[in-house]
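> Here's my sequence, what's the structure:
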Amino acid sequence: MNVSNNCSTTNLEPHPHVRLIEFALYSFIFFFGALFNVLAFWVFSCKMKKWTETRVYVMNLVFADFSVICTLPSMVYLLWNKSARGELCQFTETMYFINMLVSIYIVSFISIDRYIAIKHPLKARAFRSPSKAALLCGLLWVLVIVSATIQLMHHRHADLCFQTYTLPAALSLLAIFFVFTLPFAILIFCSTEVIRDLKKHLNTNSPEEKSIHKAVHIIYANLIVFMICFLPAFLGLLARLIMESIGATCFLLCVMKNFSSVLRCIATSNCCLDSVCYYFVTREFQEAFLQPKASTQQPVSLTEMGLQLL
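The predicted structure is shown next:
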């Protein structure tokens, strides 16, 4: 996709003030992201003795998020050094999007796993296991890496760092669907259904009512964090595609480029928030479903469901 006949590569470079904002935001995200993800890795690798589905997913999530964090120093360096662009930029860009995409889908997998465990506890015994979770994560990594490698080989001569205009509009829309729309739809559906099911167990006389309320609030928090981090970035990308298709002026494209650069920083902040959110999600779900031993006549108790989630 071509940008505009009168819009050069230099015109689409971020404004110096935008670069300063990017530098500040990426530095902030790098510091806290590294701290939180190392802490999360320590918690889930050293403090949890049993390998469960949630632990497998979260460990992959932490690895993907930490890998994104590791690309930030190169991204900051590339903001100010045009001469260093080329293979370094392509490698950094590829690593960034591989791990960001894996992170997004791992969040979706956790939502699906939670949905199956709570809504279909009997079937969950057949569909859920740590080995199956590991296999699913492995297939995701392979698929994303292969796709990114093919994309890199096809567009390795792109002029702009973290800004390519070579994809046709149809392929760009397809990419938006698989990168954001599909995971977002999965997250909304699973979270809504789980919250609805949790609220059914609320009883003014039940001792776990407070914990279930906390679990519901945490699910809402995860959904809101995902929306705040990713929705603006992908709406901005969609707006840019529309502007290109109608032949917007170079000035408008430049404004959108600067705006998109800041939105990408906001999306990257998700790597900080994931480790915090899912650490508390695990604790709250364990707490929400811990209750006195249920009658043996019940096929699956809420306690069992809670232990399966962790």
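> Only alpha carbons, please: show stretch 249-267 as PDB.
Listed next in PDB are the C-alpha coordinates belonging to stretch 249-267 (Å, rounded to 0.1, in the frame of the first residue of the first chain):
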ATOM      1  CA  THR A 249      -3.000  14.600   2.600                       C
ATOM      2  CA  CYS A 250       0.600  14.100   3.800                       C
ATOM      3  CA  PHE A 251       0.000  16.300   6.800                       C
ATOM      4  CA  LEU A 252      -2.900  14.100   8.000                       C
ATOM      5  CA  LEU A 253      -0.900  11.000   7.500                       C
ATOM      6  CA  CYS A 254       2.000  12.500   9.400                       C
ATOM      7  CA  VAL A 255      -0.300  13.400  12.300                       C
ATOM      8  CA  MET A 256      -1.700   9.900  12.300                       C
ATOM      9  CA  LYS A 257       1.900   8.500  12.300                       C
ATOM     10  CA  ASN A 258       2.800  10.500  15.400                       C
ATOM     11  CA  PHE A 259      -0.500   9.600  17.100                       C
ATOM     12  CA  SER A 260       0.100   5.900  16.300                       C
ATOM     13  CA  SER A 261       3.600   6.000  17.800                       C
ATOM     14  CA  VAL A 262       2.200   7.100  21.100                       C
ATOM     15  CA  LEU A 263      -0.600   4.500  21.000                       C
ATOM     16  CA  ARG A 264       1.900   1.800  20.400                       C
ATOM     17  CA  CYS A 265       3.600   2.800  23.600                       C
ATOM     18  CA  ILE A 266       0.300   2.500  25.400                       C
ATOM     19  CA  ALA A 267      -0.200  -1.000  23.900                       C
END
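> Okay, buried residues for it please.
For stretch 249-267, the neighbour count (16 or more other Cβ atoms under 10 Å) marks 253-254, 256-267 as buried. For every residue, glycine as well, the C-beta is placed using N, CA and C.
> Against W51, how distant is the residue nearest the centre of the chain?
Geometric centre of the chain, nearest residue: I104, 2.9 Å, by Cα atoms, centre = their mean. According to Cβ to Cβ, to the nearest Å, I104 stands 23 Å off from W51.
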